[in-house]
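Peer 1: following is a predicted model, sequence given first.
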Amino acid sequence: MVFRLFVFAVIGCAVCASGLRAGVPFVSEGFRTPRPAATNFVAGVPLYNSRSLQFVSRWALKRWVVALNQDAFAPGALREVCVGARFVYTGQLRKTGLSFMMIQANKSELTNLVRRFASSIDFVEPDVPTRLIPTGLRVRFRQIKSRMSGSGQRAGFAPLLWNLPRVGRRDTLVEGRGVHVYVLDTGIRTTHVEFEGRAVPTFDATTSRQDGNTLVPSPTECNGSPTCALDTEGHGTHCASTAGGANFGIAPKAIVRAVKIMGLGGQGQLSWQLFGLDYVSDKGERPAVVSMSVSVGKKGVWVSIGAAVETAVSAGIVVVVAAGNENDDACKYSPSFSPFAITVGASDYENARPQFSNYGSCVTVFAPGDQFILGASGHSDTNDGFFAPTLDGTEVACSHVSGAAALVLERFPDYRPMDVRKELERRALKGALTNLGPADSNLLLFVGDSNDPLTVSEEARVSDSWHSQLAAAPAPKPIMLGNVSADQL
């Protein structure tokens, strides 16, 4: 039976409060994530990122994230809030999770609702459309004359995998065993041989159901169904293989879990990211790493995402996020602004920051994310054959660090997220990067045991000639994502 994580309620329903569990919830007002100064208020309650609604009619229906504070849990308070909303669905209200409801209302209805229950509401934020990080959608397929046989041997692609010896992957015996890497992305082709049966369909935040004339969110737990959280874009599968693939991965024995928060064409909703983080915080296996190679897709600090990231970290989960590909300050984007996340910028083959990579004081570490990072295809179950996808962007850099976090947790399974962060910073190569700004941390991911990337492996030298040949090859045509060319996004 499919488990429905979120509660749906129509006007006047009483089931809104059924999401409550025993104990005092860990509510929004207790968070330490910095918030921007609110410029708009509804009945004294901060309304963040309302600029995204400047062209929306007062009478148009919108979905809203309503974050609750401690007063919301007084007897009967949530049931009363239900009466004022067109419809409501809630995350699990619990000690270790962001307490929030999603409602559908026009601006006038929202104002009336907040005015009536202002003492129970911490803040409000619109649920907005999102998309994959723009530059990262330039997934290219290059023809590889594979020397592989059977389901694939690491030696076949090794000369092309310059990124693995660069971060010392071949110089450590740790492989991420027993660690769960939750990939919040477009889903994963879990049947791909690259994952050797270690990839698990886990949760799909993009699903919905019909309720009368309204299509309402209905996120589902997969329970192992191979058609659940399926990757239709290839992005999530590639990122998952960089984190935990047998041939392409930093942690080749980690358990890789698909949490689908982006749909067709790499499109999504802010709420889907909240649902995914909420699920892992509540039901995720431990030790766990969340790998978010996505963003809200709009410039700005989204308070609800910051709160959800902090919730996951408070629950003991390491959260790794991409810095973004806008060549801008990562502190201006979400979730890369979060001080609780490990935010990752990209480096290239020459150990320089590529011009697309975001930068700044919010970036924790840099990792390979440019110039032909190979990974598993989301459109085939095998590495054999003719085409190997390459992906550039901070999202693939993020995946490197997610795998590295899994290696740390295999060694130290009781480490808290801050301990993992400190260990990654301790092991990183200092001063190896160029094209950085004054606020950047000059730290390049390194997971090897020798601390000398120049001597870790002969592969690094062998890959030089292969990389040069690949770079000189004619640029292929971009793939299509839905009806949109990746280069048009």
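Peer 2: Now that the structure is in, tell me what you want to look at.
Peer 1: my read: Phe203 touches Glu221, true?
Peer 2: Yes. Checked against Cβ atoms under 8 Å, the pair Phe203 and Glu221 is within contact range at 5.7 Å. For glycine as for every other residue, the C-beta is placed from the backbone atoms N, C-alpha and C.
Peer 1: more neighbours: which of the two?
Peer 2: When neighbours are counted by other Cβ atoms under 10 Å, Phe203 and Glu221 differ, and Phe203 comes out ahead with 28 against 19.
Peer 1: quickly find the element holding that one.
Peer 2: Applying DSSP states H and E as the criterion places Phe203 in strand 199-204.
Peer 1: check which helices and strands that strand sits against.
Peer 2: Helices and strands touching strand 199-204, by 3 or more Cβ pairs under 8 Å, 6 or more residues apart in numbering; DSSP states H and E, are strand 220-221, strand 255-260, helix 270-283.
Peer 1: and this structure, what are its domains?
Peer 2: Per the record, the chain has its domains at 7-127, 134-472, by automatic domain parsing.
Peer 1: okay, those, which one's buried deepest?
Peer 2: By mean neighbour count, with neighbours taken as mean count of other Cβ atoms under 10 Å, domain 134-472 ranks first of the domains of the chain at a mean of 22.
Peer 1: mean confidence score for it?
Peer 2: For domain 134-472, the mean pLDDT works out to 86.
Peer 1: now it, how far from the chain's geometric center?
Peer 2: How far domain 134-472 lies from its chain's middle: 8 Å, per Cα atoms, centre = their mean, to the nearest Å.
Peer 1: same check on stretch 37-46?
Peer 2: Using Cα atoms, centre = their mean, the offset of stretch 37-46 from its chain centre is 28 Å.
Peer 1: list of residues touching that stretch?
Peer 2: By Cβ atoms under 8 Å, 6 or more residues apart in numbering, the residues outside stretch 37-46 that reach it are 35, 47-48, 50, 110-111, 114-115, 118, 121-124.
Peer 1: using CSV, lay out these together with pLDDT.
Peer 2: As requested, the contacts of stretch 37-46 are arranged in CSV below (pLDDT from 0 to 100):
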residue, pLDDT
Arg35, 85
Leu47, 93
Tyr48, 93
Ser50, 84
Leu110, 88
Thr111, 89
Val114, 90
Arg115, 90
Ala118, 88
Ile121, 87
Asp122, 88
Phe123, 92
Val124, 94
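Peer 1: and these, which is closest to His379?
Peer 2: Distances from His379 to the contacts of stretch 37-46, taken as Cβ to Cβ, are shortest for Tyr48 (38.4 Å).
Peer 1: look up how far Met262 lies from that closest one.
Peer 2: 22 Å (Cβ to Cβ, to the nearest Å).
Peer 1: now the longest helix seen in the chain - C-alpha only, CSV.
Peer 2: In terms of residue count, the longest helix belonging to the chain (DSSP state H) is helix 394-411. What follows is helix 394-411, C-alpha atoms only, in CSV (Å, rounded to 0.1, in the frame of the first residue of the first chain):
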residue,chain,number,x,y,z
THR,A,394,28.1,23.0,-9.5
GLU,A,395,25.5,20.2,-9.3
VAL,A,396,28.0,17.6,-10.3
ALA,A,397,30.6,19.2,-8.0
CYS,A,398,27.9,18.8,-5.2
SER,A,399,27.6,15.1,-6.0
HIS,A,400,31.4,14.7,-5.5
VAL,A,401,31.1,16.1,-2.0
SER,A,402,28.0,14.1,-1.2
GLY,A,403,30.0,11.0,-2.0
ALA,A,404,32.9,12.3,0.1
ALA,A,405,30.6,12.9,3.0
ALA,A,406,29.5,9.2,2.7
LEU,A,407,33.2,8.2,3.0
VAL,A,408,33.6,10.2,6.2
LEU,A,409,30.4,8.6,7.6
GLU,A,410,31.7,5.1,6.9
ARG,A,411,34.8,5.9,8.9
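Peer 1: tilt between that helix and strand 255-260?
Peer 2: Interaxial angle of helix 394-411 relative to strand 255-260 (axes from the mean of the first three to the mean of the last three Cα atoms, to 10 degrees): 140 degrees.
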